[in-house]
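*Asks:* Okay, predicted coordinates and the sequence, questions at the end:
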Amino acid sequence: MTTVVLVHGTGVREPGLSALVERVTAGLAAHRDGPRVLPYPWGAAHGATLAAGGASLPSRSGTTRALGGDPGDEATAGWALLYDDPYAELALAAARSAPAAERPPGTVPPQQPLRALLTALATRGDAPAAELGPGLPRACTALAAHPLLGPAADTLGPADLAVLAARSLTARIIADALDADSPLIPTGETRDAVTDRIAEALGAPPQGAERGLRSLLLRTAGGVAARAVERRRRALTEAAHPAAGDILRYLSRGEAFRAGLRTLVAGLEPPVAVVGHSLGGVIALDTLISAPLPQVALLVTAGSQGPFLYETGALPCLEHPAPLPGHVPAWLNLYDPRDLLGYVGARLFPGRVTDVAVDSGQPFPAAHSAYWTDPAVYRHIADHLP
């Protein structure tokens with residue numbers, strides 16, 4: 001009978017681990033009779049905790065309001081949405097427009113004045129938004145040609161349309177800087193001042209670009225964004241969700257993690273398959289690289305960063321370009337193309353890794369946690385089990 005050793009990912013503790021084991025057991029049983037699922041609960045033994053009760057976390061009381069409870073936090077969350085999609089407000093405004101109707105002959109389309117102002121602004125180069133970095137002409141040209149500009153203009157007055165355009169231009173420039181990993185991202189105060197200045201150049205009165213239209217995005221999605229920010233912070237720092245701490249602890253003190261897995265596997269009868277998710281896949285791969293474990297006939301990683309850590313020189317037990325040791329067993333690597341924390345290994349270790357794409361239908365970060373509810377994942381594992 002094959003024993004499947006399940007190496008969980010970051011932040012998993014009881015009762016979540018028991019629920020995960022039950023789900024994996026049921027998922028494999030649907031495709032293969034007999035596998036026994038045995039967890040390696042490294043989180044309880046070696047995972048991160050806030051040993052001083054969270055003394056390193058910034059205060060969430062007194063003069064510091066709880067994240068998401070301050071209107072400034074909502075505004076920041078709204079900008080986060082715009083950095084992700086600089087045309088988000090444009091799409092929201094356009095969605096409010098009535099069905100297109102034929103205009104009387106000679107009527108000037110309501111977006112036409114703004115298009116002319118955008119074209120004029122583009123000719124001024126980067127100077128009107130120099131504090132944001134390069135890219136204003138390109139952003140102006142793209143916005144002037146955007147197909148949703150007309151429908152948005154049908155629903156907004158000229159001043160609000162100018163504010164929308166200014167926010168879109170600012171977000172586009174900053175988003176491009178973020179994509180380029182620029183170390184010179186402006187502060188929020190500078191961003192808002194430049195946005196106000198651009199809005200005036202596009203026809204808005206000098207009333208501050210945070211007024212009026214800002215509520216369009218925040219009413220629709222700002223609260224959701226603020227809550228998402230809070231969840232991300234909690235997942236990264238708090239004791240109940242020690243995701244980042246687990247990763248840092250493994251990379252700095254990983255031998256205890258690997259020794260525990262070696263001890264567990266050494267006491268099992270072959271054949272054994274070691275299945276690891278996320279950081280669990282890194283632990284499993286590193287352990288199998290560090291010393292032969294003849295009981296193990298299959299390594300399965302899902303949503304794992306092992307190949308990326310190897311290529312960047314950060315995998316503790318194997319440094320690029322050293323080859324994968326011969327004693328490492330067959331390796332099945334499952335990844336969801338939407339999971340930004342899932343990587344592929346076949347190009348790094350030709351002939352040693354089988355990369356298989358799966359699709360949970362979830363966006364990131366949900367895609368990173370959806371492997372164990374995807375029937376295809378169990379089908380692929382069952383097909384490779386010894």
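*Replies:* Alright, I've got the coordinates.
*Asks:* residues in contact with residue 201?
*Replies:* By Cβ atoms under 8 Å, 6 or more residues apart in numbering, the contact list for residue 201 reads 117, 121, 128. (C-beta placed from N, C-alpha, C; glycine too.)
*Asks:* Out of those residues, who's the most crowded?
*Replies:* residue 121 (24 neighbours; other Cβ atoms under 10 Å).
*Asks:* secondary structure element for it?
*Replies:* Here residue 121, judged by DSSP states H and E, is contained in helix 112-122.
*Asks:* contacts for that helix?
*Replies:* Outside helix 112-122, the residues within contact range by Cβ under 8 Å, 6+ apart are 128, 136-137, 140-141, 143-144, 149, 153, 158, 161-162, 165, 198, 201-203.
*Asks:* at 6 Å what do you get?
*Replies:* Outside helix 112-122, the residues within contact range by Cβ atoms under 6 Å, 6 or more residues apart in numbering are 137, 140, 141, 143, 144, 161, 201, 202.
*Asks:* any residues touching the helix or strand just after that helix, and which ones?
*Replies:* Next helix or strand after helix 112-122 toward the C-terminus (DSSP H and E): helix 136-144. Residues outside helix 136-144 that contact it (Cβ under 6 Å, 6+ apart) are 115, 118, 119, 121, 122, 126, 129, 168, 169, 172, 173.
*Asks:* What segments of the stretch 251-386 of the chain are helices?
*Replies:* Using DSSP state H, counting those that start in this stretch, the helices found in the stretch 251-386 of the chain span residues 279-290, 306-311, 375-384.
*Asks:* Kindly reformat these as CSV containing mean neighbour count, mean pLDDT and distance to residue 13.
*Replies:* Formatted as CSV, the helices of the stretch 251-386 of the chain follow (neighbours: other Cβ atoms under 10 Å; pLDDT from 0 to 100; distance: least, Cβ to Cβ, whole Å):
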stretch, mean neighbour count, mean pLDDT, distance to residue 13
helix 279-290, 27, 97, 13
helix 306-311, 21, 96, 22
helix 375-384, 18, 95, 22
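*Asks:* Tell me which of those lies nearest to residue 80.
*Replies:* Nearest to residue 80, of all the helices of the stretch 251-386 of the chain, is helix 306-311, at 24.7 Å by Cβ to Cβ.
*Asks:* how far does the closest one sit from the chain's center?
*Replies:* 18 Å (Cα atoms, centre = their mean, to the nearest Å).
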